[in-house]
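> Quick one, fold the following:
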Amino acid sequence: MPRIGRVERTTKETSVLVEIDLDGTGRTDVSTGVGFFDHMLDQLGRHGLFDLTVKTEGDLHIDTHHTIEDTALALGAAFKQALGDKVGIYRFGNCTVPLDESLAQVTVDLSGRPYLVHTEPEGMAPMIGAYDTTMTRHILESFVAQAQVALHVHVPYGRNAHHIVECQFKALARALRYASERDPRAEGILPSTKGAL
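I've put the predicted structure just below:
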């Protein structure tokens, strides 16, 4: 069965379309109007080996907040949809990614319970182009709320804001990839002693 999620979300502030194929090859077609955010979503698809389409039109004349937030919500919902019943997946995934002077450590549990722990260095530059760096945590919060996963993201050190954010997305991509992949030893088995995820 193909593991594909497709979500359309339309409000007075944004119009969002997200499609994700968990068993893809890392092809991306992303356009949100926020250049750095597009770059991060490209990282997510490429390093997760997810085929990812994101088309967002938002009220950028106000600022980037609604556009980024609603895209993250739709992405989380599409990811959850694509996971399906979760039978036969690894469920847990983790990855540590360096990017020059920065390091990100990401661990995920596709548990069905949304929870986020997020730490990154203080004193980061507030903007990367039109991207507000405080939005990184909010992207993760929004994704977790809709994907219903437990996510721990820790950046113990880093100086350059671009590197600090990018290594988080790369590590997230890999952790999600490892957790959502099918375990050949667990075919037909739900990875939970409760019988539900």
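
> Met124 reaches His163, doesn't it?
No: if you go by Cβ atoms under 8 Å, Met124 and His163 don't touch, sitting 10.1 Å apart. Every C-beta, even on glycine, is put in place using the N, C-alpha and C of the backbone.

> mind listing the helices for the protein?
35-48, 65-83, 135-147, 161-180 (DSSP state H).

> So which of these is nearest Arg9?
Nearest to Arg9 among the helices of the chain is helix 65-83 (4.6 Å), distances taken as Cβ to Cβ.

> okay, the closest one in CSV with CA atoms only?
Extracted in CSV, the C-alpha atoms of helix 65-83 (Å, rounded to 0.1, in the frame of the first residue of the first chain):
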residue,chain,number,x,y,z
HIS,A,65,3.8,33.8,10.8
HIS,A,66,0.5,32.5,9.4
THR,A,67,2.1,31.1,6.3
ILE,A,68,4.7,29.2,8.2
GLU,A,69,2.4,28.0,10.9
ASP,A,70,-0.4,26.8,8.7
THR,A,71,2.1,25.0,6.4
ALA,A,72,3.6,23.2,9.4
LEU,A,73,0.1,22.2,10.6
ALA,A,74,-0.8,20.8,7.2
LEU,A,75,2.6,19.0,7.0
GLY,A,76,2.0,17.3,10.3
ALA,A,77,-1.5,16.2,9.3
ALA,A,78,-0.3,14.9,6.0
PHE,A,79,2.5,12.9,7.7
LYS,A,80,0.0,11.3,10.1
GLN,A,81,-2.3,10.4,7.3
ALA,A,82,0.6,8.9,5.3
LEU,A,83,1.7,6.7,8.3
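
> Number the chain from 3, please
All right, first residue 3 from here; so that's helix 67-85.

> Does anything pack onto that helix? Which helices or strands?
With contacts taken as 3 or more Cβ pairs under 8 Å, 6 or more residues apart in numbering; DSSP states H and E, helix 67-85 sits against strand 6-12, strand 16-23, helix 37-50, strand 53-60, helix 137-149.

> Would you format those as CSV with mean neighbour count, mean pLDDT and distance to His120 included?
As requested, those are exported to CSV (neighbours: other Cβ atoms under 10 Å; pLDDT from 0 to 100; distance: least, Cβ to Cβ, whole Å):
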stretch, mean neighbour count, mean pLDDT, distance to His120
strand 6-12, 16, 98, 23
strand 16-23, 21, 98, 22
helix 37-50, 21, 98, 15
strand 53-60, 20, 98, 22
helix 137-149, 21, 98, 5
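
> got JSON lines for those, with distance to Gln107 too?
Conversion of the helices and strands packed on helix 67-85 to JSON lines gives the following (distance: least, Cβ to Cβ, whole Å):
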{"stretch": "strand 6-12", "distance to Gln107": "26"}
{"stretch": "strand 16-23", "distance to Gln107": "24"}
{"stretch": "helix 37-50", "distance to Gln107": "15"}
{"stretch": "strand 53-60", "distance to Gln107": "23"}
{"stretch": "helix 137-149", "distance to Gln107": "14"}
